[in-house]
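# When you get a sec, could you give me coordinates for this:
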Amino acid sequence: MIEKVKKTARLGSESSAFDGRVLLGLDRLGLNPVSQRHVTSGSGTAGNTYDSAGNFPAVGYTKGDFHTCAKNIADYSNADEVQNCRLSGLQDLDTSQDHVQDTIADYLATLLDMGVYGFRVDAVKHIAAQDVAAIKAKLAAKTGRDVDGIFFEQEVIGNGSEAASIQPVNYLATGKVSESKRLPAVFGGSITVAAGGLDAIGGPTWVDSDKAAVWVTNWDTERNGSSLTTRDGTSYLLANAFMLAYDYGQPHIFSGYYYASVDDGAPGAPAPPCRT
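Down below sits the predicted model:
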């Protein structure tokens, strides 16, 4: 059923984003395109229909493929609620089911075959770590690849007040994880204080360098006040320069756009606005 999924987003379609000439050009430049996947809900951007009862006919999902919890997540110290209930009202796939895992793996396999290098898995803490591992294993089997050779970068915040089983350490077996909070904290304060300054970077409480996806800011944190942004001037520039120069993790440079309110989408992108 996965061939019926239209690979279309608000800023482009399959014919534009996955044009073979584009991918070949990126490869010649030494650039590896990474596709972002948010697999906890569906959308109708490309025109496919779906309903609130859990029917996604173009994909083959029905009500039984989703978790039965219909309330919005409120308690992040409860892993069951985080992984089985709804995020901002979005229907939540039951990724423990073989059919759901196979459908997701089939979709990712088509993207790999098109030339995508790997995947950034958004909001991964809403999927049980064992389910992520199962999906990746199925993807490896379907594409004849080694499971560890498939690039996965997983967005997981790492808030100590949240449940232990949704912390970054639980997802290290399936790929890189976010290390996006502490570098901005270092450069937002005194970089000379050993307890929280430069001496702490890459220390024992940080994610191991080969598993760290390092950010100064991203599309979420720039809007919620939890990181340095361009509004912080030289502190922001210094933090990014240090990230690129220092031998820790895989650095990420964020390229955003001006916005007036927290849910503004990209310039030129059609409605609805993007929720952060």
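# Measure how buried the nearest residue to Ala129 once chain neighbours are set aside is and give me the count.
Spatial nearest neighbour of Ala129, excluding adjacent residues (C-beta to C-beta, 6 or more residues apart in numbering): Asn170 at 4.4 Å. The way it works is simple: take the backbone N, C-alpha and C, and place the C-beta from them, glycine included. By other C-beta atoms under 10 Å, 21 other residues sit near Asn170.
# Check the gap between Asn170 and Leu183 for me.
22 Å (C-beta to C-beta, to the nearest Å).
# before we move on, what about Tyr258?
From Tyr258 over to Leu183 (counting by C-beta to C-beta), the distance is 24 Å.
# Same check on Ser255?
Distance check for Ser255 against Leu183: by C-beta to C-beta, it reads 18 Å.
# How about Ser52?
40 Å.
# hmm, who's touching stretch 177-187?
153-158, 168, 171, 196-198, 200-201, 206-207, 211-218, 221, 226-228, 235-236, 238-239, 242-243, 249 (C-beta atoms under 8 Å, 6 or more residues apart in numbering).
# quick one, helices of the protein?
14-17, 20-28, 79-84, 98-114, 129-143, 182-188, 221-224, 234-245 (DSSP state H).
# which ones are touching Lys211?
172, 175-177.
# do the same with His252
Contact analysis of His252 by C-beta under 8 Å, 6+ apart lists 213-215, 218.
# Strands of the stretch 51-200 of the chain, residue ranges please.
118-121, 151-154, 176-179 (DSSP state E, counting those that start in this stretch).
# Only C-alpha atoms, please: export the second one in CSV.
So that's strand 151-154. Output of strand 151-154 as CSV, limited to C-alpha atoms (Å, rounded to 0.1, in the frame of the first residue of the first chain):
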residue,chain,number,x,y,z
PHE,A,151,21.6,7.0,9.2
PHE,A,152,19.1,7.9,11.8
GLU,A,153,19.1,11.2,13.7
GLN,A,154,16.6,11.3,16.5
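# Show me what that strand pairs with in its sheet, parallel or antiparallel.
With DSSP bridges as the test, strand 151-154 is paired with strand 118-121 (parallel), strand 176-179 (parallel).
# which non-adjacent residue is nearest Thr143?
Ala109 (5.1 Å).
# actually Gln167, not the one I typed
Nearest residue to Gln167 in three dimensions, chain neighbours excluded: Gly158, at 5.8 Å (C-beta to C-beta, 6+ apart).
# In space, not sequence, find me the middle residue of this structure.
The chain has Asp122 as the residue nearest its centroid, 2.2 Å off, counting by C-alpha atoms, centre = their mean.
# could you measure it against Lys211, distance?
As for Asp122, its distance to Lys211 is 18 Å (criterion: C-beta to C-beta).
# How about Ser255?
Distance from Ser255 to Lys211, by C-beta to C-beta: 24 Å.
# How about Ala129?
For Ala129 relative to Lys211 (C-beta to C-beta), the value is 14 Å.
# Now for the two: what residues contact both?
The overlap between the contact sets of Ala129 and Lys211 (C-beta under 8 Å, 6+ apart) is empty.
# rewinding a little: the residue nearest to the centre of the chain contacts Glu153, doesn't it?
No - look at Asp122 against Glu153 with C-beta atoms under 8 Å: they stay out of range, at 9.8 Å.
# Make a markdown table out of the helices of the chain and add distance to Gly149, mean neighbour count and mean pLDDT.
Compiled in a markdown table, these are given as follows (distance: least, C-beta to C-beta, whole Å; neighbours: other C-beta atoms under 10 Å; pLDDT from 0 to 100):
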| stretch | distance to Gly149 | mean neighbour count | mean pLDDT |
| --- | --- | --- | --- |
| helix 14-17 | 23 | 14 | 54 |
| helix 20-28 | 17 | 12 | 52 |
| helix 79-84 | 27 | 18 | 97 |
| helix 98-114 | 11 | 19 | 95 |
| helix 129-143 | 8 | 19 | 98 |
| helix 182-188 | 28 | 20 | 82 |
| helix 221-224 | 30 | 17 | 87 |
| helix 234-245 | 26 | 16 | 92 |
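# and of those, who's closest to Thr62?
helix 98-114 (9.5 Å; C-beta to C-beta).
# Between helix 129-143 and that closest one, find me the angle.
Interaxial angle of helix 98-114 relative to helix 129-143 (axes from the mean of the first three to the mean of the last three C-alpha atoms, to 10 degrees): 50 degrees.
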